[in-house]
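# Below are the sequence and a predicted model; questions follow.
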Amino acid sequence: MVKRTEDDKLLYRINKKFLKGIVDYGLIEDGDRILVGLSGGKDSLALLELLAHRSKIYKPKFSVVAVHVEMSNIEYKSDTEYLRMYAESLDVPFVTYTTSFDPTTDTRKSPCFLCSWNRRKALFTVAKEHGCNKIALGHHMDDILETLLMNMTFQGAISTMPPRLVMKKFDMSIIRPMCLIQETDLIELAKLRGYKKQIKNCPYEKDSHRSDMKSFMDMLDKMNPEAKYSLWSSMSNIQEDMLPVLMKFEQNK
């Protein structure tokens with residue numbers, strides 16, 4: 001009997017959770033053409049690898065295109081040549097798209113929100129140009145849970161980034177195939193694969209609360225190693241009769 005190495009266990013665990021996410025949430029269907037937003041971070045690099053390898057399996061049959069969106073008014077630039085070579089090594093077509101945003105147009109929104117929104121619009125544009133019906137983003141379980149807690153803390157709403165979001169207005173679906181994969185596994189995968197780290201110098205990064213929420217998630221992990229799984233399960237186990245939900249009465253007319 002061949003003993004599996006720690007690297008083997010890591011890859012098995014990641015692929016198992018990747019497939020479970022695809023199946024449980026119905027993320028990929030035969031004939032899909034999926035656009036992957038390739039930022040250059042470990043998460044998007046891992047997503048492209050996982051989807052590229054999966055696309056070579058007989059069912060479901062789908063194809064993949066990678067796009068890197070650049071913001072002309074943000075100081076840092078990713079190594080697009082590295083990203084191109086990486087995508088091509090996986091037999092995935094690679095395109096770049098340049099856009100920009102003006103943070104003064106809507107002072108009610110943070111620059112991070114405006115940047116993210118304009119990147120998202122760029123993804124829709126490229127997806128249409130290349131005949132894609134789905135856009136895959138590299139959000140993992142930690143991202144989704146952090147967003148859940150941020151929305152509860154700052155928006156007063158129980159909501160987050162769903163594994164699959166149908167955008168009827170654009171005739172497009174956004175999918176997050178790594179929704180069940182924890183960030184710690186992706187960090188280990190990045191070390192194993194030797195992903196080239198992109199240097200960030202975003203002037204707005206300090207304004208984000210996400211790093212604070214990451215620290216809070218770490219604290220929850222120390223309190224309970226199963227905290228992330230409990231938080232995930234809670235989203236489909238809402239016990240309304242145990243919550244202070246306002247009653248809605250019909251008014252007699």
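Looks like it arrived, so ask away. Numbering: from 1, shown residues only.

# who's in contact with the host helix or strand of residue 217?
In this structure, residue 217 sits in helix 210-223 according to DSSP states H and E. The contact list for helix 210-223, computed with Cβ atoms under 8 Å, 6 or more residues apart in numbering, reads 142, 145, 146, 149, 150, 227, 228, 231. The C-beta positions use only the backbone N, C-alpha and C, and glycine is treated the same way.

# now the angle from the helix or strand following it to helix 210-223?
Note on helix 210-223: by DSSP H and E, the next helix or strand toward the C-terminus is helix 227-234. With axes from the mean of the first three to the mean of the last three Cα atoms, to 10 degrees applied, the angle from helix 227-234 to helix 210-223 works out at 100 degrees.

# which residues touch helix 227-234?
141, 142, 144, 145, 148, 149, 182, 217, 220, 221, 224.

# Any chance of a ChimeraX selection covering the buried ones in those residues?
A single ChimeraX command selects the buried members of the contacts of helix 227-234 (16 or more other Cβ atoms under 10 Å):
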select :141,142,144,145,148,149,182,217,220
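
# So which of the contacts of helix 227-234 is the closest to residue 133?
Nearest to residue 133 out of these is residue 144 (Cβ to Cβ; 22.5 Å).

# Against residue 45, how distant is that closest one?
For residue 144, the distance to residue 45 equals 19 Å [Cβ to Cβ, to the nearest Å].

# same check, this time on residue 224
For residue 224 relative to residue 45 (Cβ to Cβ), the value is 30 Å.

# Any stretches of the protein with poor pLDDT?
The model of the chain has pLDDT under 70 over residues 1-2, 75-76, 103-111, 199-208, 247-253.

# So in it, which strand runs the longest?
Secondary structure assigned by DSSP state E gives strand 63-71 as the longest strand of the chain.

# Which other helices and strands does it contact?
Contacts defined by 3 or more Cβ pairs under 8 Å, 6 or more residues apart in numbering; DSSP states H and E place strand 63-71 against strand 33-37, helix 42-55, helix 80-89, strand 94-99, helix 111-129.
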